[in-house]
Every structure is written in structure tokens, then in C-alpha cells.
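Q: No sequence on hand, only this structure:
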């Protein structure tokens, strides 16, 4: 019988508990307990075939590959309801891999500065009277991984193609690029390096402790070319929202990409962007777990943020101004789909009857927070 191809099974088999910090230990405990008897659940019976089955609760951790599909769907529906009838631009701001070590040492500070520098770059270009001369809007989603689970910290940004001017008029953007790519890259590089220098001077990067490392690394980064990806999404704003939504409530890899788990390791698919082909990579179980764990974010760090006229504190008012400027009627408010009760689900066995709750399954009194082999 083939082994299960889930992150949960891989953690149960290969996770080494030694050396894990409390945050990663807690997340691993959630993922390992998800949809098992450790979280309790419901006992159900079909009203047609009379078969009983057990449904266990999910962990609802934002790092879990098998959780929160409803939350993802709700987020996407919310964003689609706020789309404007303009060209949208998809931009990607990437941190150089030289900073990967600093990200592991100070994840909160590095991620905060990445969001801050990306928005400051776009805000300055949008307010420039030679360009749009107004306020931009931006939705940014943090990704920390590449297709092979390596560390690749970058922001996916979805920006409406235009700016809201002070007089309430909408200034549209023309062309396939929101702003010149080279100018964006240079500005982003300067702002990010400057912010890192200030953070180091204030003691916010205290774990970067080698003498002279801050100046040496940042001086070298200023001599390198940074790349900002930008592309117009003609009539595809909703498609990009769905793309970003895939990982707003989960990280790194889905179960569909895991081909098999055997003595040779973990086999999973990835896209080789140089050849545009799907390939299969094999990693040892320990290496797969190590790569997966490096993408667990600190508790409370917001992965999705909104700026400009899409900022949470002013979005409703500013979007109404934009719609008036575009002569666009206000769409009806998006309503979340009502949560289904267990009795509304069809029986997966006979596919004729409905499931009814007959009992609750309580959590065990003593439930370990982490099940892992010792190194």
C-alpha cells in the first residue's frame, strides 16, 4: 500500500524535534494534529445507507496545506468584488538571496522593511507629477519560497493602473508597464539598503554580529542590479487575485504537488521557469522538512497588506471616489457563503443520503503538542 503523500505524513515520519524554536514547534504540532482524533470531531451517520463515519476537526493554522480553503475562497471573493474596470499591473519585488541569512535571523524586521520599501517606491512614482500625480493603491502578498522550496523572499503586488488625484479625478496609466522597470529597481534598491542601514544603526539587526558585515554586505548589494518584475494584466485582474489567493492562508507547497514518499525521499513536482516544463525533484525527508520549516512565519506577521486608496482604514471611502470618477456604479457588498452544516453534505459512500451528526468526539485529555522522532 503506497504511503500517504501529505505534509502531515512527512512531518510525522521525518521531523526532528531537537533544535526547533517554540514557534515552529507549535506550528508543527498543529499540522500533525490536523484532522486527527487529537483535535476531536463528529461522528456522522448516513440516512440512506446507515453507514457511520468520523470527521475530525482541522487545525486552521495559516501554514497548513490542507486547511482554510474556505478562508482562501472568501478572501478571493472579497478582492474580486473590489476590482475596478481598469488595467491591473502585477509587480514582484524580490530580495537578493544575499539577505536570506538576515531574514532567518530577523524575519519580522526584514519582512517589514520589504513591504515598506516596495510601497515607498511605488508611492513616490505615483505621486510624481510627471507620471500620474496622485495616490496609488496596492495589495501585496508575501511569498518566501521558490518552486523547489528554497528561500526566495519576494512580494507579489497587484496595482490598479492609475492614481486618484487630489481633485478627485482618476488619472489612468497607459502602456504595458506601470513605471519604467530600471528606475523602479534602482529606487527600490536604494530605499531597501538605506532602511537596512538605519535598522542596523538602531540595533534592530543585533543578531548580525560579525564585525563589518552590515557595511560589507550592503555596499556589495548597492553594486548589484536588483530586478523588479512588472506586467500588465489585461482583463486578467481576477485571475491574478486567484493566483495570489492560493497562498494567502497556506505556504510553500500543496499536496497535489507531492508525487510520492518512499525510502528514496520525497518526490514532488516543480516548474522549471528556464524551460517552462514541469519536472520532478527528489529530496531526502529531512531536507524536505528543513526547507518547509524555513517558511514558517513568526506569529502575528501579516502576510497580506493593503496600501494607498486600498488601505483598510480608507478603502471604502476612496474606492467610492474612484468609482465616481470612472462613472462606475457601486457593486453590491460581497456576502460570505453560509457555512454548511454536516447534514447538508452528501454521503461519500452511497452518494444518495445525507450525513447527520449522532455524537461528538472529544479531544483526548492528554494530547501531545508535537509528535516527532528524536534526533
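A: On my side now, so go ahead. Values in this document were obtained by computation on a predicted structure and should not be read as measured data.
Q: in the helix or strand of the chain with the lowest mean pLDDT, what's buried?
A: Among the helices and strands of the chain, helix 237-245 carries the lowest confidence by mean pLDDT, DSSP states H and E, at a mean of 81. Neighbour-count burial for helix 237-245 flags 237, 240, 241, 243, 244, 245 (criterion: 16 or more other CB atoms under 10 Å). From N, CA and C alone the C-beta is placed, and that goes for glycine too.
Q: Next: stretch 168-182.
A: Result for stretch 168-182 [16+ other CB under 10 Å]: buried residues 169, 170, 171, 173, 178, 179.
Q: Now do the strands in the stretch 251-375 of the chain.
A: Counting by DSSP state E, counting those that start in this stretch, the stretch 251-375 of the chain has strands at residues 258-262, 265-272, 277-283, 304-308, 355-361.
Q: export those to a markdown table and tack on distance to residue 127?
A: Compiled in a markdown table, these are given as follows (distance: least, CB to CB, whole Å):
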| stretch | distance to residue 127 |
| --- | --- |
| strand 258-262 | 46 |
| strand 265-272 | 37 |
| strand 277-283 | 42 |
| strand 304-308 | 10 |
| strand 355-361 | 56 |
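Q: quick one: which of the buried residues of stretch 168-182 sit in strands?
A: The strands, defined by DSSP state E, take in 170, 171 from the buried residues of stretch 168-182.
Q: Among the buried residues of stretch 168-182, which one lies nearest to residue 275?
A: Using CB to CB, residue 178 is the member of the buried residues of stretch 168-182 that lies nearest residue 275, at 28.5 Å.
Q: neighbours around the nearest residue to residue 176 once chain neighbours are set aside, how many?
A: Nearest residue to residue 176, sequence neighbours excluded (CB to CB, 6 or more residues apart in numbering): residue 232, at 4.7 Å. Other residues lying near residue 232 total 17 when counted by other CB atoms under 10 Å.
Q: Where does residue 232 fall, secondary structure wise?
A: strand 228-233 (DSSP states H and E).
Q: quick one: buried residues of that strand?
A: 228, 230, 231, 232, 233.
Q: which intervals of the protein have sub-threshold pLDDT?
A: Along the chain, segments meeting pLDDT under 70 span 1-2, 234-235, 329-344, 365-375.
Q: residue ranges for the helices of it, please.
A: Assigned by DSSP state H, the chain shows helices spanning 7-14, 22-33, 69-81, 100-105, 107-127, 181-201, 213-223, 237-245, 285-293, 315-325.
Q: Mind putting the ones you listed into a markdown table with distance to residue 352?
A: What follows is those, written out as a markdown table (distance: least, CB to CB, whole Å):
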| stretch | distance to residue 352 |
| --- | --- |
| helix 7-14 | 31 |
| helix 22-33 | 33 |
| helix 69-81 | 25 |
| helix 100-105 | 53 |
| helix 107-127 | 50 |
| helix 181-201 | 58 |
| helix 213-223 | 63 |
| helix 237-245 | 33 |
| helix 285-293 | 40 |
| helix 315-325 | 46 |
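Q: Between those helices, which one is closest to residue 164.
A: Across the helices of the chain, closest to residue 164 is helix 315-325 (CB to CB), at 5.7 Å.
Q: Counting by contacts, list what the closest one packs against.
A: If contacts are counted by 3 or more CB pairs under 8 Å, 6 or more residues apart in numbering; DSSP states H and E, helix 315-325 sits against strand 162-164.
Q: Perfect, I'm done here.
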